[in-house]
Every structure is written in structure tokens, then in C-alpha cells.
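Peer 1: Kindly generate the corresponding structure for this input.
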Amino acid sequence: MKIKTCVHHNDQQGTVVVVVAICLIFLVAIAALAVDVGYLYSTRNELQNVADAAALAGARYMGDEYSKLDESAMSSHVFTKEEVFAVIEDVATKNQAANASISIDIDDVEIGLWNPIASTDDIWQPTLTAPDAVRVIARRDSGINAAIGTFFAGVFNVNEMAVVSRKAIAALSGPSNAEEGELKTPFALSENNFPNDCKPVIDFSPTTSSCAGWHNFFDPINASAMEAKLLGLIEGDTQSYTGLTSGPQWLADNFDIKKAPTAEVTPASSAGDEFEFQGGTISSLFNGGYLGSDYNGNTGTVYGNEKKPAPIIALFDYFRYRDEDGDNSVWTATIPVYKDQSACINPNTSLPIVGYAEIVVYSPDPPPMSNIKVHVNCNFTVIDARGGGSYFGNLKGIIPTLVK
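Peer 2: Predicted coordinates:
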């Protein structure tokens, strides 16, 4: 006889219900994590956009105000926090985060100086006198713009997210590049001159005591190559000047050079590019004929060898009338600033450029002194419609840059 066995499934069915319930709770938790955390990150991105736009607007406002001032007044100009904040708030409220217009708390706005090469405590220095940067925090919490509610996390009694905020710093930083033909000078400054040790006068002969160095742009250093390049920069300057001749004609009018130099136009360069440097004294740049004090912009008396112009003196005599600075006794020029982690090394190697600065060159002294004096303008100069990216030098752009 076969005995039939009855199998009861009640216990198994009860187990399945428990497992399904646990899985549902787990799935809800995953949904809460995915949806609410995703929403959190989306809101953070939107708040970052608000902070970026607001900081750029504040810095741009300062650049516009600086552009209305004489350079001498820039370093003492005082902004009020309220005037800059009005611009920041206007831009911020035109943007949204988590479907709500964003307002900025005035206490979340700081105006100051941005200097990332300083020690950690000095990277940001709040000041209303001649500032160059704006820091903005955009946030949503119970204090401003209302906290962000959750979706599925409410099941776990989490009904709103914690403080959600993003920060941005925009600065009127200097240009990180030089356009083709913009650089004309065969010397550069050490980064130690900016901003901590900005000297009023620098002697470029010898360079070992001046926190500066000679360079030959991208070409290897040698004295004869530098001589040829400097005269070539004059030969290559063929643009028109009101009442003044261009480079080739100027050389022909003032010197009896048997063979014209090869025309040179300096290539564009950017921060990070490496220039070839040499320290010490390059007296050959001062050797040769030079124009006398009766020079009137086109022709004059040549002292010394008129068949061989002194390169650095000729460069000075040519460009001081064509730099549009309103003073024909000096030459205002843009020069590179090179990386120099040690205190004023003697630059006899290839070195990266970290930024650009504006200088004023005084009349070079011919032999036996073979010296050229340069005044470094420690106050920043705002350049119309020029963006930035570099924090070295005294050149700033009206168009600000996000630096953090």
C-alpha cells in the first residue's frame, strides 16, 4: 500500500511575504538614494552656475569702474560692498536652482585680493581698497532661498536636505597669453617681483642682482643671435604710424646698414611656454651706433658706428615713439614673468612663463655702463576687452576670470 504524503505550503508562503517586504523596503531606500541624491547633485550644479555668474558679474563691474579711472587712481579706489552686491544680486535672481529663483545673502559676498601663490592663510585677503576679486556663496537652506524638500526620503522621516551651497571666486586676473608681435623686449622679470617684492627700478645689467633675466624668446641664447633678433624686430614692424616711419624705413633713414636685418615678428606665447634665458651682462647688446639727444622720432645724429646700430638702444629709440603712452622719453612695454621658486636665481636655462607685466623702460646707457633701467609699475593696469588667467604681474583684464 502506498501512503500519500500531504505537503503544506503555508510556511513557505509566509517566508516569501517577508522577503518581498524586505526587498520593497530596500528598493524604496535605493529609489530615495537615487532620486534625492541625484536631485541634490543637480541642485548643487545649478547653484554653482549661479555662484559663477554672480561672481563674474561682480568682478566685471569692478573692471568697468576701473576702466573709467586714471591708472594712478586705481590703486586707491575704494568700492562699497553694497554697490558690488547690487550687481551680484541682480544676476543671481535671474537664475534658478531646484526650480526657485536664487537670492544671495550679502554676508555671503566678499570683496578682496586673490593671490594663490601666497601662503594658505593669505590666498584670499578681504579689502575694499583696490580689490581685484569677488567671492560669492550661493545656497539653499532654511536661512535663505528655503531648504530643498526630498521625494522618497520622507519615508524615512528625512523631509529636507541639509545646507546645499556652492562657492565661486572671479578675479580681474592678468592675461595668460601674449599676442603675436606683442612682446618686443629681450628681458623678463622673476615671479618674485610680483606681488611681494615689486621694485620701483630694476637694472638689467648685470641681472644677477635684479630679479630679472635676458631671454631670446623661444630661440637658444647666444649674443649674436640676440643682436640680430632685436634689429629684426624693428625691421619686422611694418605697421603704419601717424607722422612716423615704419621699422624698415626708420633703419634706412638713420643707419647705413649694408645688409638689412631679417624681419622678425615675435610669436604668440602663453603661460606655461618656456623661454630661453641667460643671466649676467650681455654688453654686446649695447655696442654700436646710437642716436643722439636731438633725435626727433625719425632722423637724428648717430654717435658711434652707424653701420652697426646698438640693438637694445635702437629698440628703445624706435618703440618709445610708438607705444602710445603719451611720453616719448620712455618706452612702455609688456614683458614676460618667469617661474622662479628660489629667490632671484640667475636664469641660465629654459624657464616657463607664468604671466606678463607692464614696465617702463628708461634710456639705456651705452658702454662702458651697458645698462638699462626699468621701472616696474606695481599698480595694476586694466586692459580693455582682455581676458585673463594669470595671477602674476600688474596687468588685469576688464573681462574677469573664474579662478576658483
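
Peer 1: From Glu82, how far out is the residue nearest to Asn305 when sequence neighbours are not counted?
Peer 2: Leaving out its chain neighbours, the residue that sits closest to Asn305 by Cβ to Cβ, 6 or more residues apart in numbering is Gly289, at 4.6 Å. Placement of C-beta: from N, CA and C, glycine included. Using Cβ to Cβ, to the nearest Å, Gly289 is found at 61 Å from Glu82.

Peer 1: repeat for Gly387
Peer 2: 27 Å.

Peer 1: Which one of these two is surrounded by more residues?
Peer 2: Shown here are Gly387 and Glu82; by other Cβ atoms under 10 Å, Gly387 has more neighbours (16 against 9).

Peer 1: Make sure the more buried one is actually in contact with Leu402.
Peer 2: No - at 10.8 Å, Gly387 and Leu402 do not qualify as touching, with contact defined as Cβ atoms under 8 Å.

Peer 1: Can you pull the residues that touch both of these two?
Peer 2: Where contact means Cβ atoms under 8 Å, 6 or more residues apart in numbering, no residue is in contact with each of Gly387 and Leu402.

Peer 1: list the contacts for the closest residue in space to Gln239 that isn't next to it in sequence?
Peer 2: The shortest distance from Gln239 to any non-neighbouring residue, by Cβ to Cβ, 6+ apart, is to Ser246 (6.3 Å). Contacts here follow Cβ under 8 Å, 6+ apart; on that basis Ser246 touches Asp237, Thr238, Gln239, Ser240.

Peer 1: Taking the residues you listed, please make a PyMOL selection of just the buried ones.
Peer 2: To isolate in PyMOL the members of those that are buried, counting by 16 or more other Cβ atoms under 10 Å, one can use:
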select buried, resi 237
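
Peer 1: Tell me the one among the contacts of Ser246 nearest to Gly280.
Peer 2: Asp237 (28.4 Å; Cβ to Cβ).

Peer 1: That closest one contacts Gly247, correct?
Peer 2: Yes - using Cβ under 8 Å, Asp237 and Gly247 qualify as a contacting pair, with a distance of 3.7 Å.

Peer 1: For those two, list the residues in contact with both.
Peer 2: Tyr318.

Peer 1: Helices of this protein, start to end?
Peer 2: Under the criterion DSSP state H, the chain contains helices at 10-67, 71-74, 81-92, 223-235, 247-254, 311-319.

Peer 1: among these, where is the model least confident on average?
Peer 2: The minimum mean pLDDT among the helices of the chain belongs to helix 10-67 (a mean of 78).

Peer 1: Break the chain down into its domains, please.
Peer 2: The record's domain split for the chain, according to automatic domain parsing, is 24-171, 177-381.

Peer 1: can you put the ones you listed in a markdown table and add distance to Asn394?
Peer 2: Supplementary listing: these in a markdown table, determined by distance: least, Cβ to Cβ, whole Å:
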| stretch | distance to Asn394 |
| --- | --- |
| domain 24-171 | 10 |
| domain 177-381 | 5 |
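
Peer 1: out of those domains, which comes closest to Ile398?
Peer 2: Taking Cβ to Cβ, domain 24-171 is the member of the domains of the chain nearest to Ile398, at 3.9 Å.

Peer 1: how many neighbours does the residue nearest to Asn305 have?
Peer 2: If you count neighbours by other Cβ under 10 Å, Gly289 ends up with 21.

Peer 1: and if you look at Glu358?
Peer 2: Neighbours around Glu358, by other Cβ under 10 Å: 20.

Peer 1: now do the same end-to-end measure for stretch 109-124.
Peer 2: In stretch 109-124, first residue to last residue: 13 Å (Cα to Cα, to the nearest Å).

Peer 1: Pull the residues that contact stretch 316-325.
Peer 2: 184, 234, 237, 241, 244, 247, 250, 290-291, 295, 297, 328-333, 360-361, 363-364, 372.

Peer 1: Which of those fall in strands?
Peer 2: Using DSSP state E, Tyr290, Leu291, Trp331, Thr332, Ala333, Val360, Val361 are the members of the contacts of stretch 316-325 that sit in strands.

Peer 1: Mind putting those residues into TSV with distance to Ala228 and neighbour count?
Peer 2: Formatted as TSV, the ones in strands among the contacts of stretch 316-325 follow (distance: Cβ to Cβ, whole Å; neighbours: other Cβ atoms under 10 Å):
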residue	distance to Ala228	neighbour count
Tyr290	17	26
Leu291	20	23
Trp331	20	26
Thr332	25	18
Ala333	20	22
Val360	26	19
Val361	20	24
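
Peer 1: ok, of those, which one's closest to Glu191?
Peer 2: Ala333 (18.2 Å).

Peer 1: Wait, that closest one touches Val361, no?
Peer 2: Yes - with contact defined as Cβ under 8 Å, Ala333 reaches Val361; the gap is 6.1 Å.

Peer 1: Find residues that contact each of the two.
Peer 2: Thr185.

Peer 1: show me the contacts for Gly181.
Peer 2: Gly236, Asp237, Val265, Thr266.

Peer 1: Identify each buried residue in stretch 229-246, please.
Peer 2: Within stretch 229-246, the residues scored as buried using 16+ other Cβ under 10 Å are Lys229, Leu230, Leu231, Gly232, Leu233, Ile234, Glu235, Gly236, Asp237, Thr245, Ser246.

Peer 1: got CSV for the residues you listed, with distance to Glu324 too?
Peer 2: Listed next are these as CSV, based on distance: Cβ to Cβ, whole Å:
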residue, distance to Glu324
Lys229, 23
Leu230, 21
Leu231, 22
Gly232, 22
Leu233, 17
Ile234, 17
Glu235, 21
Gly236, 19
Asp237, 14
Thr245, 16
Ser246, 15
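
Peer 1: Next, give me the two most distant ones among those.
Peer 2: Within those, Lys229 and Thr245 form the most distant pair, 20.8 Å apart (Cβ to Cβ).

Peer 1: Show me what Ile335 bridges to in the sheet.
Peer 2: Ile335 has the following beta-bridge partners by DSSP bridges: Ala357.

Peer 1: one step back: quick one: which of the contacts of Ser246 is nearest to Ile137?
Peer 2: Ile137 has its nearest neighbour among the contacts of Ser246 in Gln239, at 47.5 Å by Cβ to Cβ.

Peer 1: Phi and psi next, for that closest one.
Peer 2: Main-chain torsions, Gln239, degrees, to the nearest 10: phi -70, psi 160.
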